[in-house]
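S.K.: sharing a sequence plus its predicted fold:
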Protein chains: 2
Amino acid sequence: MKILILGGDGYLGWPTAMHLSENGHEVACADNYLRRTVCLNEDVSPLFPTPSLPERAARWKSVSGNDVKVFIGDLTQWDFVSEVFGGFKPDAIVHYAEQPSAPYSMLSRRAASQTLNNNLNTTANCVFAVREFCPKAHIVKLGTMGEYGTPDIDIEEGWLNVEHKGRTQRFLYPRQAGSLYHTTKVMDTDMLWFYVRTWGLAVTDLMQGPVYGATTPESGDDERLMPFFNYDELFGTVLNRFVVQAVADIPLTVYGSGGQIRGYLNIIDTLKCVRLALENPASPGELRIFNQLTETFSVKQLARMVQEAGAGMGLNVRIENIVNPRKEAEEHYYNPTYTGLKDLGLEPTLLTGEILQSMMALALRHKGNIRRETIFRGVKWA
Amino acid sequence: MKILILGGDGYLGWPTAMHLSENGHEVACADNYLRRTVCLNEDVSPLFPTPSLPERAARWKSVSGNDVKVFIGDLTQWDFVSEVFGGFKPDAIVHYAEQPSAPYSMLSRRAASQTLNNNLNTTANCVFAVREFCPKAHIVKLGTMGEYGTPDIDIEEGWLNVEHKGRTQRFLYPRQAGSLYHTTKVMDTDMLWFYVRTWGLAVTDLMQGPVYGATTPESGDDERLMPFFNYDELFGTVLNRFVVQAVADIPLTVYGSGGQIRGYLNIIDTLKCVRLALENPASPGELRIFNQLTETFSVKQLARMVQEAGAGMGLNVRIENIVNPRKEAEEHYYNPTYTGLKDLGLEPTLLTGEILQSMMALALRHKGNIRRETIFRGVKWA
């Protein structure tokens, strides 16, 4: 299958590119290096250097023999989009090309505006390009569990049957997100659902929880093939951040009580899920939605697991409950359904002390690079 | 009260400006003439000429003694937004500054993209400007009944209490709209709801049905004070279009079976509703939603009413059921609630044969201007 990865330079984009090419697919990546630019502008950096996308593609070719085609440009610009889609003519698209940081989207008016415009225009252009160049192509879109927020009823897998005054209607599960970034993903869903109904597109929306990890079967121990490992407040997902704090002897920054529960998954499982979705595509006119997580934890549970794994390596990991800079419920009901991907064959890689220790070993190798001042700057929601 | 009208040149914007200034408020309008530009580019024109916004403001001043301040510029551009908000410091904002045509939003990729970018950036800038320049200001946002679509359950007034597996949650009423334009309004709602929760903004969302009419108490018979009267496929709302077809001896173009039911209101009632919302504001941290319609009709009912009213004026009005260019249910359940504005004091101006005949008399005076070829060009949804 010819698969085009939008946002192919990103934390998930590059590992996905290797994984799909290793599994027999013809892969192309498009990216404008938005993440790298924002990191430079905001003065944060990943734990170890990440070669450019063509450099990684060349290295991957040399170790695996697989080609990954690279297009560098801005997917909010139609001339670039038409060049990429018209040139590559994909059978399927993996759409990761969004500004993915909740704190960055709350940092300033300009950052919010950039997030809004980048995320909605890349999604709209993806839809228009599929319509124009490859109307049968399957779009696999990364959504986020954050779209649902923390409702007081069970979170179903994308849809909700509502009974009201003796009549019934199936709706998109109502979404109310906790940051502007997450809200742009809700808007994306609204847009895709409209065009699925109107133009008969085939779309899979993967509602993903926070991801952790850096090592995948394809990267092995080769750091030049690993994704960005951000540990800063803007781009570091919570568990990656805790691991770096643990090895740098910085107390783990638990926001508020730490009772916030979310659904997590290992980056290895992201790759499996995306491949399962691609190889078992949605039908034309179908918006298929999966909740992409393998287990749920509260933030304080995660902190304790890191503490314990650290102790096993001789690290004295401290935990600090700090004033929550976000506006969110710290104690809440949370019961999401996530059976769809298991039904397709997903075998989860659950979080263990061993996995945490291997992440800490990676962080320890680069302890000298850790920029302590970037881990918590305190972007406030209100 | 100092009231800023975004989109003050539009079909509803200008009549609102006169109405609020006549009722003792200090009014400013901002507009970039988007409607005029699109009409020029797409080669459609209103039934009679509409003077520029400063010309209308000057004429209104000469007949009423009321000042209306005018800012001409693009509200998607922050430099203009900050000039307007920083200069005028409003107590309340009426936000009409959106590309409002469903068919235009389906015309082409460029039109869709323009609609998306205009509508979301004006809304985002309105939120950011309130936060920065007038955090206590009340935002009155024009939504649309079209956001709800035509669900098989009753449409409640903005919110829905869901009971699910023995637990309950109050959600924004789930929305699924029938055009890209309407979808951008769903996205606006998502965005406003997020910032209401996060920043404590005070917002009223008026979910309005299609509006008809041109004459308001403030315009009287002075056509230079009336709004755009579009009758073309892009910007003519259905009843205004039917009235022009009736006097031009063109069969009324009913899409499909004509069983599509919508909620309608007279432009006079739009002004009353907006004023009621402004003078009875939402509270900080509240997203208050009203369904703004006064009665429901199917398209075929409307066509028959126009036919009958025309007969009373000696016109032989024909009705033609044409292939529906849109993707929509032609026979469906439709039961919206609309009590909130009545509870605030709205006394509806219901549609009568007399009102239709006064609209036809206006159209007859300008029969020579009617450009028959612009009434139906057939913008297709799929």
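M.R.: Received, thanks. Residues are numbered from 1 along each chain as shown, chains lettered A, B, ... in the order given.
S.K.: packing partners of the host helix or strand of A:Phe171?
M.R.: Secondary structure from DSSP states H and E places A:Phe171 in strand A:167-172. Helices and strands touching strand A:167-172, as assessed by 3 or more Cβ pairs under 8 Å, 6 or more residues apart in numbering or on different chains; DSSP states H and E, comprise strand A:159-164, helix A:180-199. Where you see a C-beta, it was placed from the backbone N, CA and C, and this is true even at glycine.
S.K.: buried deepest among those, which one?
M.R.: Scoring those by mean neighbour count under mean count of other Cβ atoms under 10 Å in any protein chain shown gives helix A:180-199 as the most buried, with a mean of 24.
S.K.: quick one, that helix and strand A:167-172 angle?
M.R.: Our comparison of helix A:180-199 with strand A:167-172, counting by axes from the mean of the first three to the mean of the last three Cα atoms, to 10 degrees, yields an angle of 120 degrees.
S.K.: okay, A:Ile355: pLDDT?
M.R.: The predicted local confidence for A:Ile355 comes out at a pLDDT of 98.
S.K.: surely it touches A:Gly213?
M.R.: Yes - with contact defined as Cβ atoms under 8 Å, A:Ile355 counts as touching A:Gly213 (7.2 Å).
S.K.: more neighbours, those two?
M.R.: Regarding A:Ile355 and A:Gly213, a neighbour count based on other Cβ atoms under 10 Å in any protein chain shown identifies A:Gly213 as having more, with 27 against 19.
S.K.: give me the nearest residue to that one, chain neighbours excluded.
M.R.: Taking Cβ to Cβ, 6 or more residues apart in numbering or on different chains as the measure, A:Gly213 lies nearest to A:Ile267, with 4.1 Å between them; neighbours along the chain are not counted.
S.K.: how many neighbours does that neighbour have?
M.R.: Other residues near A:Ile267 come to 22 when the count uses other Cβ under 10 Å.
S.K.: now the helices for chain A?
M.R.: Along chain A, counting by DSSP state H, helices occupy A:13-22, A:34-42, A:53-64, A:78-88, A:102-105, A:109-133, A:180-199, A:238-247, A:267-279, A:299-312, A:340-344, A:353-365.
S.K.: just send those back as JSON lines, with distance to A:Arg371 too.
M.R.: Written out in JSON lines, the entries for the helices of chain A read as follows (distance: least, Cβ to Cβ, whole Å):
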{"stretch": "helix A:13-22", "distance to A:Arg371": "22"}
{"stretch": "helix A:34-42", "distance to A:Arg371": "11"}
{"stretch": "helix A:53-64", "distance to A:Arg371": "23"}
{"stretch": "helix A:78-88", "distance to A:Arg371": "33"}
{"stretch": "helix A:102-105", "distance to A:Arg371": "16"}
{"stretch": "helix A:109-133", "distance to A:Arg371": "20"}
{"stretch": "helix A:180-199", "distance to A:Arg371": "23"}
{"stretch": "helix A:238-247", "distance to A:Arg371": "10"}
{"stretch": "helix A:267-279", "distance to A:Arg371": "22"}
{"stretch": "helix A:299-312", "distance to A:Arg371": "20"}
{"stretch": "helix A:340-344", "distance to A:Arg371": "36"}
{"stretch": "helix A:353-365", "distance to A:Arg371": "13"}
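S.K.: and the residue sitting furthest away from the middle of chain A, its phi and psi?
M.R.: No residue in chain A sits farther from the centre than A:Gly166, which is 39.7 Å out by Cα atoms, centre = their mean. A:Gly166 has phi and psi values of phi 80, psi 0 when expressed as degrees, to the nearest 10.
S.K.: and what of A:Phe229?
M.R.: phi -110, psi 90.
S.K.: and A:Ser45, how far from A:His366?
M.R.: Distance of A:Ser45 to A:His366, computed by Cβ to Cβ, to the nearest Å: 11 Å.
S.K.: more neighbours: which of these two?
M.R.: For the pair A:Ser45 and A:His366, the greater number of neighbours falls to A:Ser45 (20 against 17), based on other Cβ under 10 Å.
S.K.: now for that one: which residues touch it?
M.R.: Contacts of A:Ser45 were listed using Cβ atoms under 8 Å, 6 or more residues apart in numbering or on different chains, and they are A:39, A:232, A:369, A:371, A:374.
S.K.: is it true that the last one touches A:Val44?
M.R.: I take that to be A:Thr374. Yes - using Cβ under 8 Å as the test, A:Thr374 is close enough to A:Val44 to be in contact (4.5 Å).
S.K.: between those two, which contacts overlap?
M.R.: Jointly contacting A:Thr374 and A:Val44 under the rule Cβ under 8 Å, 6+ apart are A:232-233.
S.K.: which positions in the stretch 1-150 of chain A make contact with chain B?
M.R.: Taking Cβ under 8 Å from any Cβ of the partner chain as the measure of proximity, the stretch 1-150 of chain A contacts chain B at A:78, A:109, A:112-113, A:116-117, A:120-121, A:124-125, A:128, A:132.
S.K.: all strands of the stretch 201-350 of chain A, in order?
M.R.: A:202-208, A:211-212, A:252-255, A:261-266, A:287-292, A:295-298, A:319-322 (DSSP state E, counting those that start in this stretch).
S.K.: related to what we said a few turns ago, as TSV, the helices and strands packed on strand A:167-172 with mean pLDDT would be great.
M.R.: Formatted as TSV, those follow (pLDDT from 0 to 100):
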stretch	mean pLDDT
strand A:159-164	98
helix A:180-199	98
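S.K.: any chance of TSV for those, columns distance to B:Gly256?
M.R.: Below are those laid out as TSV (distance: least, Cβ to Cβ, whole Å):
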stretch	distance to B:Gly256
strand A:159-164	27
helix A:180-199	16
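S.K.: sorry, back to before: between the contacts of A:Ser45, which has the most around it?
M.R.: Using other Cβ under 10 Å as the neighbour test, the contacts of A:Ser45 are led by A:Asp232, with 24 neighbours.
S.K.: that residue touches A:Thr374, doesn't it?
M.R.: Yes - shown here, A:Asp232 and A:Thr374 form a contact pair, counting by Cβ under 8 Å, at 4.1 Å.
S.K.: list residues touching both of these two?
M.R.: Shared contacts of A:Asp232 and A:Thr374, counting by Cβ under 8 Å, 6+ apart, come down to A:44-45.
S.K.: what pLDDT is listed against the residue farthest from the centre of chain A?
M.R.: pLDDT, A:Gly166: 97.
S.K.: for it, give its distance to chain B.
M.R.: Using Cβ to the nearest Cβ, to the nearest Å, one gets 9 Å for the distance from A:Gly166 to chain B.
S.K.: any idea how far A:Leu47 is from that residue?
M.R.: Note on A:Gly166: its distance to A:Leu47, by Cβ to Cβ, is 57 Å.
S.K.: and if you look at A:Asn125?
M.R.: Relative to A:Leu47, A:Asn125 is positioned 32 Å away (criterion: Cβ to Cβ).
S.K.: contacts only, for A:Ser257.
M.R.: Shown here is A:Ser257, whose contacts under the criterion Cβ under 8 Å, 6+ apart are A:300, A:321, A:330-331.
S.K.: biggest separation within those residues, which pair?
M.R.: By the measure Cβ to Cβ, A:Asn321 and A:Glu331 form the most distant pair in the contacts of A:Ser257, at 13.1 Å.
S.K.: mind listing what the spatially closest residue to A:Leu271 that is not a sequence neighbour touches?
M.R.: Across the structure, with Cβ to Cβ, 6+ apart as the measure, the residue nearest A:Leu271 apart from its sequence neighbours is A:His19 (4.3 Å). The neighbours of A:His19, taking Cβ under 8 Å, 6+ apart as the test, are A:216-218, A:271, A:274-275.
S.K.: what score does A:His19 have for pLDDT?
M.R.: If you check A:His19, the pLDDT there is 98.
S.K.: for it, give its distance to A:Val274.
M.R.: Relative to A:Val274, A:His19 is positioned 8 Å away (Cβ to Cβ).
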